[in-house]
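Novice: got a sequence here, can you model it:
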Amino acid sequence: MSRALSWRSAGQTAQGKRRTHNEDAFLDCPQRGCWAVADGMGGHTAGHVASQRVVSSLAALSGEGGLDQRVKAIRGSLRGLDSQLQPADGLSGIMGSTVVVLVLEHDRAACIWAGDSRCYLWRGQRLYQLSRDHSLQQHLMDKQHLSPELAQAHPGAKALTRAIGARQPLSLEVLELGVHAGDVFLLCSDGLYQGLSHSALGSAMSAGTPRQVVDRLFSDVLRGPAPDDLTAVVVQS
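Specialist: Numbers count the residues shown, from 1 in each chain. Below is the predicted model:
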């Protein structure tokens, strides 16, 4: 029996105040130890369809096997979907999405992602960002050693360097780690974390049950401008 069965979770999504429809989607499946957040690429063709297809493809997986086998199945499923979403020759429209997935098996965890949706870990009263954004802003910080402020000021800072359905073959990043008792994970779209400071995210993560944490996160973000769609999934032992 998977240790993931002992984990509790809650998820929520909401339309941004400047959006006409919600392009985010999420998967909350504690019985199989799998959770995900997908954010359709804003301004592109049918971003909400792409994010829903990402979540549907993950929900269709059996969840059988150990962590290594499950990660392989997830990567295969997302790569297959990426091929389906690639624009045909002569067409300019892009139907794409970010994705971040968390898989738990006994005392092991894996985070799989492409794009700028994030995975955080709350452990020992400290908040760690496990995923690293696939964005031009992060590229400028890594390769040109720009400060976060200068990189963020670049006109194309929010452009994604990886996504499902983008014009290049999908390259997924995977991080594996050990799980400790009391760990709390947060998967979220950029509309959520951009509305809160790192310290505010950390404060919310200690708010109680997964549902209470999610409610606190949404309450904090929606007090502000909240221009983008926001989604959060919280997983707690």
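
Novice: just checking, what packs against the biggest strand by length in the chain?
Specialist: Taking DSSP state E as the criterion, the chain has its longest strand at strand 97-105. With contacts taken as 3 or more Cβ pairs under 8 Å, 6 or more residues apart in numbering; DSSP states H and E, strand 97-105 sits against strand 34-40, helix 47-59, helix 67-85, strand 108-114, strand 118-123, strand 184-188, strand 230-236. Backbone N, C-alpha and C define where each C-beta goes, glycine included.

Novice: what's the closest of those to residue 8?
Specialist: Evaluated over these, closeness to residue 8 peaks at strand 230-236, with 5.3 Å, by Cβ to Cβ.

Novice: quick one: the longest strand of the chain to strand 108-114, angle?
Specialist: For strand 97-105 against strand 108-114, the angle between stretch directions is 170 degrees (axes from the mean of the first three to the mean of the last three Cα atoms, to 10 degrees).

Novice: figure out how far strand 97-105 is from the centre of its chain.
Specialist: The chain centre lies 7 Å from the centre of strand 97-105; the measure is Cα atoms, centre = their mean, to the nearest Å.

Novice: alpha carbons of it, as PDB, please.
Specialist: Taking C-alpha atoms only, strand 97-105 is exported to PDB below (Å, rounded to 0.1, in the frame of the first residue of the first chain):
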ATOM      1  CA  SER A  97       0.100  24.800 -21.400                       C
ATOM      2  CA  THR A  98       2.600  24.700 -18.500                       C
ATOM      3  CA  VAL A  99       2.500  21.700 -16.200                       C
ATOM      4  CA  VAL A 100       3.800  20.800 -12.700                       C
ATOM      5  CA  VAL A 101       3.100  17.300 -11.300                       C
ATOM      6  CA  LEU A 102       3.800  15.900  -7.800                       C
ATOM      7  CA  VAL A 103       4.000  12.100  -7.300                       C
ATOM      8  CA  LEU A 104       4.300  10.500  -3.900                       C
ATOM      9  CA  GLU A 105       5.200   6.900  -3.200                       C
END
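
Novice: make JSON lines from the helices and strands packed on strand 97-105 and add mean neighbour count and mean pLDDT to it.
Specialist: JSON lines is the format used below for the helices and strands packed on strand 97-105 (neighbours: other Cβ atoms under 10 Å; pLDDT from 0 to 100):
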{"stretch": "strand 34-40", "mean neighbour count": "30", "mean pLDDT": "97"}
{"stretch": "helix 47-59", "mean neighbour count": "22", "mean pLDDT": "94"}
{"stretch": "helix 67-85", "mean neighbour count": "17", "mean pLDDT": "95"}
{"stretch": "strand 108-114", "mean neighbour count": "23", "mean pLDDT": "97"}
{"stretch": "strand 118-123", "mean neighbour count": "22", "mean pLDDT": "98"}
{"stretch": "strand 184-188", "mean neighbour count": "27", "mean pLDDT": "98"}
{"stretch": "strand 230-236", "mean neighbour count": "27", "mean pLDDT": "97"}
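
Novice: now distance to residue 197 too, for those, in a markdown table please.
Specialist: Putting the helices and strands packed on strand 97-105 into a markdown table (distance: least, Cβ to Cβ, whole Å) gives the following:
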| stretch | distance to residue 197 |
| --- | --- |
| strand 34-40 | 20 |
| helix 47-59 | 26 |
| helix 67-85 | 31 |
| strand 108-114 | 22 |
| strand 118-123 | 13 |
| strand 184-188 | 14 |
| strand 230-236 | 15 |
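
Novice: out of those, which gets nearest to residue 16?
Specialist: Each of the helices and strands packed on strand 97-105 has some distance to residue 16 by Cβ to Cβ; the shortest is strand 230-236, at 6.7 Å.
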